Each structure stands twice: as structure tokens, then as C-alpha cells.
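Asks: sequence and predicted model, in that order:
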Amino acid sequence: MANGDDSGAPAVAAGPAGSRRIDWIDLARGVALVAMAIYHFSWDLEFFGYLDPGTAGTGPLKWFARSIASSFLILVGVSLVLAHGRQIRWRPFGKRLATVVAAALLITVATWWFTPDAFVFFGILHQIAFASLVGLAFLRLPVPVLLVLAAAWFSVPFWGQAYVFAQPWLLWIGLSPIPPRSNDFVPVFPWFSAVLTGVAVGRLMTITQATDRLRRHPPTDNIVTRGLLFIGRHSLVTYLVHQPILIAGLYLFSLVIPAAERPPEVVFASYCERDCTTVNTKAFCEAFCGCAITGLQEKGLFEAVFAGEINQTSDPRVAEVIDECSYEANTIDDN
């Protein structure tokens, strides 16, 4: 998912060997892919300047993105049970896992090239690869145990955050008090809880023989259903190609009708406040971001920071401004 929040991607397994695919699962995946494309289009509109900065990462769109990511990960858990619940089929599992890992690495390299200051180092595909492997250990647990584990896993970020997890090599865990900049960040905590929920749903479907009923009663055949089934069965390809197509289309549109330019200070403040309010109050963030803009401009650093050439890690002068503004904003927020 883009914009530092969340989006969707494919599952790694379908129906069990020797049985027909469950069309309803593919249909659900297809619907999630369409929703994902809609969200990513809003992110692209923001990227090209047609929406205000921060629009795609806040408010209803933020929760829309999280619901999409959750639906994909729940489907990953369901698919794991349907494909490997009775016996792990290592050859097809390994092939699918290798494909997802390769696609995840491709996303990392591509986003590093185009947006190095917010590249995807642990996005939805990385989470799916991790969850597909680790999820195998949970396939035969009772449904109540799985649901309790899912709830417990989801709760960890509320009480388990620590600055030790702010180290760059530990950010993927998701327990850093400082959220990293990334266009798609789906860490182990809390997102693996959605996969555990999916495993519980898959187990319940097999126990109640709902899978057999779903196979016997496929969705109504029409052009919409066929389209959704097609992309649901080719979810990884759809995930990889939809953004280049959307971005190319918007780029061509922008050549004809360019978006209105916004002052750099307005853009900086919007993104600064968006990132800041994930862990701080609105009053603190407004004070901090306003102070940061003023401080960076006074030191002649604003343009370089805005362009991504320097940051608080690479330049001690930027770190000094950040520390001063944090202290000033804390003073205002306390009052």
C-alpha cells in the first residue's frame, strides 16, 4: 500500500491439490484488488498534486487502506489452510513463496530507485512472504486458540513499543515508537494477526464443510464476475502492473492539465503533520512543524531537506532544529 499506510497484494496459495478452486475466494481477492487500485489511484492523485498532501494517508482513506490490507492478509490465512491444512505440499508452497519473495524484492528496488526517502522495505508482499512461512506453524491449532492468539498479537504494539526497535534493521517488526517513512509499511506487529484470523476462518470453513458448499454453489456467471475472478486468479501480476499503468496514465494527463502548484512550505507542513500525528497530539504537531519550517529556513536548510538531500540523521544542523522544535512544541502542548 502506498503512502506510508497500507494497501493490498495477492495470496500465495489457492485450493488444495486435487480439488476445484473455490471461486468465491478468487472473487473476494478480485474485489480486494479493485479496492486496492482505487486507493492507489488516490495516492497517485496526491503524488501528482491533484489532491492535498496527506489526503491518502489520513481520514477515511487511511482506514480504507487498512481494511484492504486486512482483507488480503485474512485471505492469505484462509488460502494457507485450504492448500496445506491437511498436509504441507512443500514443492508448490516453495515455488509460490519464491515468487512472492522475488516480487517483494522487485518492489523494494523499484521504490528505492524512484522514492529513496520513503522506499518500501517491508510492505504487503514482504508481510505475505513472512506470514506464509510462519503461518504454517499455526495451521492445526484449534479455532478458539487462533482467535486468542490473533487478539494478543494485535495488542502488542499498544504495550510493547520500545526504542530498541527503532534501529533500522528492526523496523520491520513494527514496535518502534517512531514510525518509519515508507510508501507501504505492513510490519509483523500487528498485521500478522490478520493472517492468524484468516487461518481461524479457514479452519472453521473446513470443519463446518463450508468449503464443499461454496464449491457446489459458485457465484453467478456474468461479465463482472468473470473479470473479478480473472484478476483474483492472477493477483500477483495485477498487483505488480496496476500502479505503473495508473502512474503512466496520470503522467500523460498531467502533461495536458497540470495540477496547481503549491508552495513547498505548505507541502512540507502537510506531510510533517501527517507523520507527526500518528504518535503525537495535533497541537504538538502544528507547533513542531511550524517551528521546523522556520528553523530550517533561518539556517538555509529548508530546500535541501525538502528535496530529500539531507535529514536529521545525515546532518547535525537538521537534528539541532528538530530537537529545539520538539522542546518548544512540548512546552506549548503542556500548556
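Replies: Yep, it's here.
Asks: what are the ranges of the helices in the stretch 51-200 of the chain?
Replies: According to DSSP state H, counting those that start in this stretch, the stretch 51-200 of the chain carries its helices in the segments 59-84, 90-114, 124-134, 143-159, 188-207.
Asks: nearest to V237, of those?
Replies: helix 90-114 (9.4 Å; C-beta to C-beta). The way it works is simple: take the backbone N, C-alpha and C, and place the C-beta from them, glycine included.
Asks: ramachandran angles for the residue nearest to Y50 when sequence neighbours are not counted?
Replies: Counting by C-beta to C-beta, 6 or more residues apart in numbering, A259 is the residue found nearest to Y50 once chain neighbours are left out, at 4.8 Å. Main-chain torsions, A259, degrees, to the nearest 10: phi -70, psi 150.
Asks: how about A259, what does it touch?
Replies: Counting by C-beta atoms under 8 Å, 6 or more residues apart in numbering, A259 touches F48, G49, Y50.
Asks: ok, back up a step: closest to G227 out of the helices of the stretch 51-200 of the chain?
Replies: Nearest of the helices of the stretch 51-200 of the chain (C-beta to C-beta): helix 59-84, 18.1 Å.
Asks: domain ranges for this protein, per the record?
Replies: Following automatic domain parsing, the chain resolves into domains at 23-254, 264-334.
Asks: lowest average pLDDT across these?
Replies: Among the domains of the chain, domain 264-334 carries the lowest mean pLDDT, at a mean of 86.
Asks: for it, what is the distance to the chain centroid?
Replies: 25 Å (C-alpha atoms, centre = their mean, to the nearest Å).
Asks: heads up, I number from 12, so please use that
Replies: That works, and once the first residue is 12, the last one we named lands at domain 275-345.
Asks: and the host helix or strand of L251, what other elements does it pack with?
Replies: Under the criterion DSSP states H and E, the helix or strand holding L251 is helix 246-267. In terms of contacts (3 or more C-beta pairs under 8 Å, 6 or more residues apart in numbering; DSSP states H and E), helix 246-267 is packed against helix 34-58, helix 101-125.
Asks: what ranges does the stretch 212-346 of the chain have for its helices?
Replies: 221-227, 234-244, 246-267, 275-287, 293-309, 313-317, 327-345.
Asks: export those helices to TSV and tack on distance to A46 and mean neighbour count?
Replies: As requested, the helices of the stretch 212-346 of the chain are exported to TSV (distance: least, C-beta to C-beta, whole Å; neighbours: other C-beta atoms under 10 Å):
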stretch	distance to A46	mean neighbour count
helix 221-227	21	14
helix 234-244	11	16
helix 246-267	12	14
helix 275-287	22	18
helix 293-309	29	18
helix 313-317	33	17
helix 327-345	37	15
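Asks: out of the ones you listed, nearest to L181?
Replies: Short answer: helix 275-287, nearest of those by C-beta to C-beta, at 19.2 Å.
Asks: which secondary structure elements does the closest one sit against?
Replies: Right, helix 275-287 is packed against helix 293-309, helix 313-317 by 3+ C-beta pairs under 8 Å, 6+ apart.
Asks: CSV for these, including distance to L257?
Replies: Formatted as CSV, those follow (distance: least, C-beta to C-beta, whole Å):
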stretch, distance to L257
helix 293-309, 30
helix 313-317, 25
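Asks: and the nearest residue to A43 once chain neighbours are set aside, how many neighbours does it have?
Replies: Leaving aside its sequence neighbours, A43 sits nearest to S82 (C-beta to C-beta, 6+ apart; 4.7 Å). Per other C-beta atoms under 10 Å, the neighbour tally for S82 reads 19.
Asks: with the one 5 residues further on instead?
Replies: Counted with other C-beta under 10 Å, the burial measure for V87 works out to 29 neighbours.
Asks: that one contacts I139, doesn't it?
Replies: Yes. With contact defined as C-beta atoms under 8 Å, V87 reaches I139; the gap is 5.6 Å.
Asks: then the helix holding L251 to CSV, C-alphas only?
Replies: The C-alpha coordinates for helix 246-267 follow below in CSV (Å, rounded to 0.1, in the frame of the first residue of the first chain):
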residue,chain,number,x,y,z
SER,A,246,-3.4,-11.4,-8.2
LEU,A,247,0.4,-11.1,-8.2
VAL,A,248,0.6,-9.9,-11.8
THR,A,249,-2.3,-7.5,-11.2
TYR,A,250,-0.6,-6.1,-8.1
LEU,A,251,2.7,-5.5,-10.0
VAL,A,252,1.3,-3.9,-13.1
HIS,A,253,-1.6,-1.8,-11.9
GLN,A,254,0.5,1.1,-10.4
PRO,A,255,2.8,1.6,-13.4
ILE,A,256,-0.4,1.8,-15.6
LEU,A,257,-2.1,4.2,-13.3
ILE,A,258,1.0,6.4,-12.9
ALA,A,259,1.7,6.4,-16.7
GLY,A,260,-1.9,7.5,-17.3
LEU,A,261,-1.8,10.2,-14.8
TYR,A,262,1.6,11.4,-16.0
LEU,A,263,0.2,11.8,-19.5
PHE,A,264,-2.9,13.6,-18.1
SER,A,265,-0.6,16.0,-16.2
LEU,A,266,1.1,17.0,-19.4
VAL,A,267,-2.3,18.2,-20.7
